[in-house]
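> I need the structure of the sequence given here:
(2 chains)
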2 protein chains.
Amino acid sequence: MAHKGVLIIIGGHEDIRGKRQILQQFVDALGGEGAPVAVLAVATEHPQKAEALYREAFAPWRLELHFFSLAQRSLAWDPGTLARLKACQGFYFTGGDQLRITSLLGGTPAHQVILQRFREGAVVAGTSAGASAMSAVMIVGGKERAAPALEAIRLSPGLGFIPEAVVDQHFAQRGRMGRLLSAVAQNPALLGIGIDENTALVIRGDEGDVVGEGTVVVVDGRTLEMSNVSELGPEEPLTLWGATLHVLSAGYGFHLADRRPKEKKL
Amino acid sequence: MAHKGVLIIIGGHEDIRGKRQILQQFVDALGGEGAPVAVLAVATEHPQKAEALYREAFAPWRLELHFFSLAQRSLAWDPGTLARLKACQGFYFTGGDQLRITSLLGGTPAHQVILQRFREGAVVAGTSAGASAMSAVMIVGGKERAAPALEAIRLSPGLGFIPEAVVDQHFAQRGRMGRLLSAVAQNPALLGIGIDENTALVIRGDEGDVVGEGTVVVVDGRTLEMSNVSELGPEEPLTLWGATLHVLSAGYGFHLADRRPKEKKL
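Numbers count the residues shown, from 1 in each chain, chains lettered A, B, ... in the order given. From the prediction side, this is the model:
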């Protein structure tokens, strides 16, 4: 890949009061304390709450925190905002509604600045809705705890930090295997990545490593022998044969370009 | 297989008031109306409720219904009970707690009679807890909507109508992929079968066909390249590489001995 950045995709409900293991990963990736960090509370209609939460969450480290809500698209053109974003070394997208993130930020100069900073080596993290928005194709909603079906899912273009993948979060906790399979079946060129709560996939170049207490589920649809996704009405459940499933816990990883799991880091 | 019976494994919440599609399969497998059927409300502490429910459920057909609660093991030796069971052509295990079924019925003459009737061609159905009890290895409990982990699951011997498989029910609806993967990882000789609500796998000989509104998920662990299940503490999440996943909707099926999905029946 042509970027030097680190991408940290978090399955939501990351521990922000206890061990803060995933936040520590973010700070470590920044190269330690002191770095200017943009906390992007774009996904939520209550950015003040998110600000209070993440001010407390990041309190153990000496970071230079900048909060952005970008509640109107016009703000993503503001020269002062762009200058502040350009100066940041870390970007942390909070939770809420992923469609708020893409509809407010997508295609704006602010979006371009963050992509550019990522290519230059910045650390970009997203949790929950922020995690969904990281991929080129994003799940915006759909049925949980349901069989895979077209109605079980709605897709939308994401912010594009990770291409050829679709990410789902709160994965085991909300029973989202059906909707991830629905996404992958529509185009198995997409790698399906499901991330549990308080768990993250930390991507450097082509390699992702799992941190946190749960698992990252990877669905590789290239092995699919058959799926009937193109023949179905929206409410009919899917049939698919031969998807490949990997479950990865902390320390294990995945080589994204090769689509191969990696041995545990020692 | 050496048996002539039909096994109908139902993922719970089968429609018993509307179209009754799965009950119709049961009646069809019996060869039509008039057959003596044992309804085994063994899993529940409220067998009268189950009796009222299934009396109404089967009301559209003229079946000779016999209700059994077998609330004490001694009843499974009763000559009158055994004679009534021997005369039945269908056996329908209701929901509740699968450990009640196996602890009350396991190893008794009544269990032997039903296995013998199954070998001779009887139709055996189980829904919810009754579905879990059908396999040789049964999931008795464990965490739902959780990452796969040893603590996420407890296994126990089932009634043995289907060997080398482990069945989970209410599958998508209760987010049970994690616990099915935990079961399969422990010994991939077991085929993992997860059945959604109002959905059934109808097994004749080595072939299973899906009926109903959801899907049957099949996890074939033979392709597993690696799992760390033997190295883990009970609360640590699993890593496993390369499970094969099939999702089957109504009309599709699975060849159990070959572990291959089947084309849709026309």
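
> Tell me which residue of chain A lies closest to chain B.
residue A:175 (2.7 Å; Cβ to the nearest Cβ). Just so you know, the C-beta spots here come from the backbone N, C-alpha and C atoms, and that holds for glycine as well.

> List the residues that contact that residue.
By Cβ atoms under 8 Å, 6 or more residues apart in numbering or on different chains, the contact set of residue A:175 is A:144, A:145, A:146, B:144, B:145, B:172, B:173, B:174, B:175, B:177.

> For residue B:243, see how far away the first one is.
Summarising the geometry, the distance separating residue A:144 from residue B:243, computed by Cβ to Cβ, to the nearest Å, is 22 Å.

> These two: which has the busier surroundings?
residue B:243 (24 against 19; other Cβ atoms under 10 Å in any protein chain shown).

> helix, strand or coil for the more buried one?
strand (DSSP: H, G, I helix; E, B strand; the rest coil).

> surely it meets residue B:223?
Yes. Assessed by Cβ atoms under 8 Å, residue B:243 is found in contact with residue B:223 at 6.5 Å.

> joint contacts of those two?
residue A:244.

> Any idea how many residues pack against residue A:132?
Count around residue A:132 with other Cβ under 10 Å applied: 33.

> Just read off the phi/psi values of it.
Note on residue A:132: its backbone torsions stand at phi -60, psi -40 [degrees, to the nearest 10].

> Which pLDDT value belongs to it?
pLDDT recorded at residue A:132 is 97.

> In this structure it contacts residue A:156, no?
No. Using Cβ under 8 Å, residue A:132 makes no contact with residue A:156, being 9.3 Å away.

> list residues touching both of these two?
Joint contacts of residue A:132 and residue A:156 (Cβ under 8 Å, 6+ apart) are A:98, A:138, A:140.

> What subset of those residues is buried?
A:98, A:138, A:140 (16 or more other Cβ atoms under 10 Å in any protein chain shown).

> So for those, which is the shakiest by pLDDT?
Among those, residue A:140 has the lowest pLDDT, at 91.

> what helix or strand does that residue sit in?
Assigned by DSSP states H and E, residue A:140 falls within strand A:135-141.

> residues contacting residue A:73?
By Cβ under 8 Å, 6+ apart, residue A:73 lies in contact with A:103, A:104, A:108.

> top of those by neighbour count?
residue A:104 (21 neighbours).

> Pretty sure it sits against residue A:76.
Yes. Between residue A:104 and residue A:76 there is a contact at 7.0 Å, judged by Cβ under 8 Å.

> anything in contact with each of the two?
With Cβ under 8 Å, 6+ apart, residue A:104 and residue A:76 have common neighbours residue A:70.

> quick one: residue A:49 and residue A:96, what's the gap?
Counting by Cβ to Cβ, the gap from residue A:49 to residue A:96 is 10 Å.

> who's more crowded, these two?
Counted by other Cβ under 10 Å, residue A:49 and residue A:96 do not tie: residue A:96 has more neighbours, with 20 against 12.

> In this structure that one contacts residue A:128, no?
Yes. Counting by Cβ under 8 Å, residue A:128 is a contact partner of residue A:96 at 7.5 Å.

> so which helix or strand takes in residue A:111?
Applying DSSP H and E as the criterion places residue A:111 in helix A:109-120.
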